[in-house]
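Enquirer: from the sequence below, what's the structure:
(one chain, ligands or ions: 1)
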Amino acid sequence: MALNKFMHPRNIYRTPPDFCKLFKEFEEFSNIAKMDVSGKVSIDFKDPQALRILTKCLLKSDFGLDVIIPEDRLVPTLPLRLNYILWIEDLMTSIHREDSITGLDIGTGACAIYPLLSAVKNKWYMVGTEKDEQSLQKAVDNVTRNNLQHLIKLRNNTSASLIEHLFLDDDGLRVDFCMCNPPFYSSFQDLYESRSPARPPPKNAFTGSPQELITEGGELEFCRKLIKESEAFKNNILIFTTMIGHKYNLKELILDLKAKGIRHTTTEFCQGRVTRWGLAWTYQDFDIYNLVPPREKSRKKNVPVSFVLPELSKQCHNIENISEKIKTMFDRLEIQHKLITKRRNEIILNFTALRNNWSNQRRKRRFLKRTEEDEPKAQKVKQLDVTNEKCIEIDSVSCDQTKDEEQKSLLNETIINTENNIATCSLVLNDNSKQNKNDNENPLVQGIIKISNKVNQIVLDMEYIEGSAGKEGIHQILQYIKNNLK
Ligand SMILES: C[S@@+](CC[C@H](N)C(=O)[O-])C[C@H]1O[C@@H](n2cnc3c(N)ncnc32)[C@H](O)[C@@H]1O
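Expert: Numbers count the residues shown, from 1 in each chain. Down below sits the predicted model:
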C-alpha cells in the first residue's frame, strides 16, 4: 500500500505528477520517457538519469526552479523534501513565526534543495552549510542561477562541528529553525550490510556519493552531536529539527531528549512506500509536542475490520477460549502478541508480525501432502518452493493498484532510492517479497485485535496500527483466522 495518502496534507505530490504534461513540456523528459499506444507515459525508475531528469523537470514545472543535479550526487526526492518543509511550516505557525523567517540547513548538498524550495515557496531566508567543497560549489551555482542570493547564503564548514562554527564568527546570529538530512551510514560496510543479501536487488536506481551517505557513527551519532551542540546555542535557534532514516534511531534520540528533559515532538514523513521521521526539539517555552503533535497519533484512528464469529459449540463460544485459539494461531505464525486489556466482555491483544507466514497456506499444505506421498519428488518441489518463494507469494498478495498507479507510486518511493537508505530501496510496488520478508526492524503488520461479547455474539475487531504490509496485512491475517478457527 502506498503511503501517499499519509503525505502532509498540503504536499502537492499527494496528487502524482502528470507525466503526459511533462512529456509535452520538456524535451529532456520526452527523451527518457516512453509513451504507449494509449498515450500513457512511463519512465524507467531504475535509470538514475531518468530520475535526475524527472526531478529537474518537476522543480522547473512546479517551482520555477532551474536546478542542475550533478551526476555523482544525490537526486533529491521532492515529495520527501516537501513533507519536511511543510512540517517546519507547521512548527513555525504554531509558535506564531510568520514573517522574515530564517532557517539553517545543515549539509545542504549540491542542489541546496531545502534552501531553494524554502526560498521560492515561503520567501524564507536560508543559511545552508556544506562541508564537501564540490557540493558547495554546485550549490552556489544553483542559487545564483535562480537569482536567490538575496534569500540564500551558503557557508563552507571546515570544522568538525555541526553548528558551532556558525556562531564563532557571529555569536549574535539568530535563526528560527535548523533542519538537516544527515548521512545515514557509518561506513561502506554499514551501507552494504543495511541491505540483506537475501533480498533481490533494488528495482530502482541508486545515487549518492560517499560523502553524502557516510558519516562517523552514522545518523545516530550525527544527531546526538547536534543535540549536544544545540545546548550551547539554545537561544540562537528557536526550534532544532532533523530528519531520521531509521525508526530505531528516532527512538534512541527521543530517549536522549527525555533524559535531558528537553521538549520535543516527532512526525512521520510518508511518501511512496517509504517512511522517514522528523524530530524537533526546543529550549524555549513552546509546548511543541501539543502544538504540533506526532502524526502517528492521527493514523491510529483506523477503522477496524469486524467479523462476527460463528458459534462452533456452546461450551467453547466464549471470549477466553477464542482468545486462546487466536494466540495459538499467532504463535504458529510467529506473530508476537501481548495482552493489553482483559475485561468481563472484552479481551484486547496487540500483535506484531515481522514476516508473512499466513499466505499460501493451501499451497503449502499441498506441498506437504506431496512430500508425504512422494518423498524424492517432493524434495525437488520443496527446493523450488524455497527458491521461488517470492514468486509464490506474489500470487497471494492482492494488489489493487493498476499499472498506472504503480508508476505514480514509484515516483515517490524511487526517489528514496536515490537517497541514503539502500535498505528501503527495494520497497517498490512490484517487490512483493516485502510482504513475506521484512529485513528491516520495521514490522510487516502491527495491529490490535479485540475479542468482545456483543449481545450474545462474539465479535472480532482488528485494527491496523502500522507496518509495511498496510491494511491488506490485517485483512490477510483476519482471513487466516477465519479459515482456521475450529
Ligand atoms: C544526505 S546529504 C543531504 C543533502 C541535502 N540536504 C538533501 O537533503 O538532499 C548530507 C549532506 O551533509 C553534508 N555534511 C556532512 N557532514 C556535514 C557537516 N559537519 N557540516 C556540513 N555539511 C555536512 C554532506 O556533505 C552531504 O552533502
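Enquirer: give me the residue from this structure nearest the ligand.
Expert: At 2.2 Å from the ligand, G107 is the closest residue in the chain, using Cβ to the nearest ligand atom. C-beta coordinates here come from the backbone N, C-alpha and C atoms, glycine included.
Enquirer: buried ones in stretch 254-272?
Expert: Neighbour-count burial for stretch 254-272 flags 254, 256-257, 262-272 (criterion: 16 or more other Cβ atoms under 10 Å).
Enquirer: so for those, which is the shakiest by pLDDT?
Expert: On pLDDT alone, G272 ranks lowest of the buried residues of stretch 254-272, at 78.
Enquirer: low pLDDT regions in this structure?
Expert: Applying pLDDT under 70 to the chain picks out residues 1-3, 191-207, 296-302, 340, 361-368, 370-442.
Enquirer: partners of the most centrally placed residue in it in the sheet?
Expert: For the chain, the residue nearest the mean C-alpha position is T275 (0.9 Å; Cα atoms, centre = their mean). Per DSSP bridges, the residues bridged to T275 are C270.
Enquirer: isn't it up against E268?
Expert: Yes: using Cβ atoms under 8 Å as the test, T275 is close enough to E268 to be in contact (5.5 Å).
Enquirer: hang on, I477 in a helix?
Expert: Yes: per DSSP: H, G, I helix; E, B strand; the rest coil, I477 lies within a helix segment.
Enquirer: residues near it, how many?
Expert: When counting by other Cβ atoms under 10 Å, one arrives at 26 neighbours for I477.
Enquirer: please apply the same query to R344.
Expert: 7.
Enquirer: again with the one 4 residues further on
Expert: With neighbours defined by other Cβ under 10 Å, the count for I348 comes to 18.
Enquirer: list the helices and strands the host helix or strand of it packs on?
Expert: Assessed by DSSP states H and E, I348 sits inside strand 346-353. Contacting strand 346-353 under the criterion 3 or more Cβ pairs under 8 Å, 6 or more residues apart in numbering; DSSP states H and E are the following elements: helix 319-332, strand 335-342, strand 445-454.
Enquirer: and the contacts of the first one?
Expert: Residues outside helix 319-332 that contact it (Cβ atoms under 8 Å, 6 or more residues apart in numbering): 309, 336-337, 345-347, 349, 351, 357, 449, 451-453, 458, 460, 480-481, 484-485.
Enquirer: which parts of it are buried?
Expert: Within helix 319-332, the residues scored as buried using 16+ other Cβ under 10 Å are I319, I322, S323, K325, I326, K327, M329, F330.
Enquirer: same question, the second one
Expert: Of all the residues in strand 335-342, those buried under the rule 16+ other Cβ under 10 Å are I335, H337.
Enquirer: neighbouring strands for that strand, and are they parallel or not?
Expert: In its sheet, and by DSSP bridges, strand 335-342 pairs with strand 346-353 (antiparallel).
Enquirer: show me how far the strand it pairs with is from its chain's centre.
Expert: 25 Å (Cα atoms, centre = their mean, to the nearest Å).
Enquirer: up against the ligand, what does this structure have?
Expert: 74, 76, 106-109, 113-114, 129-132, 135, 157, 162, 181, 183, 211-212, 215, 420 (Cβ under 6 Å from any ligand atom).
Enquirer: returning to that earlier point: inside strands: which ones of the buried residues of stretch 254-272?
Expert: Residues of the buried residues of stretch 254-272 located in strands (DSSP state E): R263, H264, T265, T266, T267, E268, F269, C270, Q271.
Enquirer: closest one to D47 out of the residues you listed, please.
Expert: Nearest to D47 among those is Q271, at 20.0 Å by Cβ to Cβ.
Enquirer: the closest one touches Y84, doesn't it?
Expert: No: applying Cβ under 8 Å, one finds Q271 not in contact with Y84, separated by 10.4 Å.
Enquirer: E231: neighbour count?
Expert: Counted with other Cβ under 10 Å, the neighbours of E231 add up to 10.
Enquirer: which ones are touching C57?
Expert: L22, E25, F26, E28, F29.
Enquirer: buried among those? Need that as a selection in ChimeraX.
Expert: Paste this into ChimeraX to select the buried members of these, with burial taken from 16+ other Cβ under 10 Å:
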select :22,26,29
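Enquirer: how about the contacts of C57 in a markdown table, adding distance to S468?
Expert: What follows is the contacts of C57, written out as a markdown table (distance: Cβ to Cβ, whole Å):
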| residue | distance to S468 |
| --- | --- |
| L22 | 29 |
| E25 | 35 |
| F26 | 33 |
| E28 | 34 |
| F29 | 31 |
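Enquirer: which of the contacts of C57 fall in helices?
Expert: Under the assignment DSSP state H, the contacts of C57 contribute L22, E25, E28, F29 to helices.
Enquirer: W281: which of these is nearest?
Expert: Of those, the one sitting nearest to W281 (Cβ to Cβ) turns out to be L22, at 38.9 Å.
Enquirer: go ahead and confirm that closest one touches K60.
Expert: No: if you go by Cβ under 8 Å, L22 and K60 don't touch, sitting 9.4 Å apart.
Enquirer: residues in contact with the residue nearest to C20 when sequence neighbours are not counted?
Expert: Of all residues not flanking C20 in the chain, V41 sits nearest, at 5.2 Å (Cβ to Cβ, 6 or more residues apart in numbering). V41 makes contact with F19, C20, L22, F23, A33, K34, M35 under the criterion Cβ under 8 Å, 6+ apart.
Enquirer: in what helix or strand does the second one lie?
Expert: The reference is to C20. Using DSSP H and E, C20 sits in helix 19-25.
Enquirer: what does that helix contact?
Expert: In contact with helix 19-25 (Cβ under 8 Å, 6+ apart) are residues 29-30, 33, 35, 39-43, 54, 57-58, 61, 407.
Enquirer: show me what counts as buried in it.
Expert: F19, L22, F23.
Enquirer: which stretches in the chain count as strands?
Expert: Using DSSP E, strands in the chain cover 33-35, 41-43, 102-106, 125-130, 152-156, 175-180, 237-244, 263-271, 274-282, 305-308, 335-342, 346-353, 445-454, 457-466.
Enquirer: who touches the fourth one?
Expert: Residues external to strand 125-130 that are found in contact with it (Cβ under 8 Å, 6+ apart): 100-109, 112, 114-115, 118-119, 136, 139, 151-157, 165-166, 175.
Enquirer: just the buried ones from these?
Expert: Using 16+ other Cβ under 10 Å, the buried ones in these are 101-109, 112, 114-115, 118-119, 136, 139, 151-155, 157, 165-166, 175.
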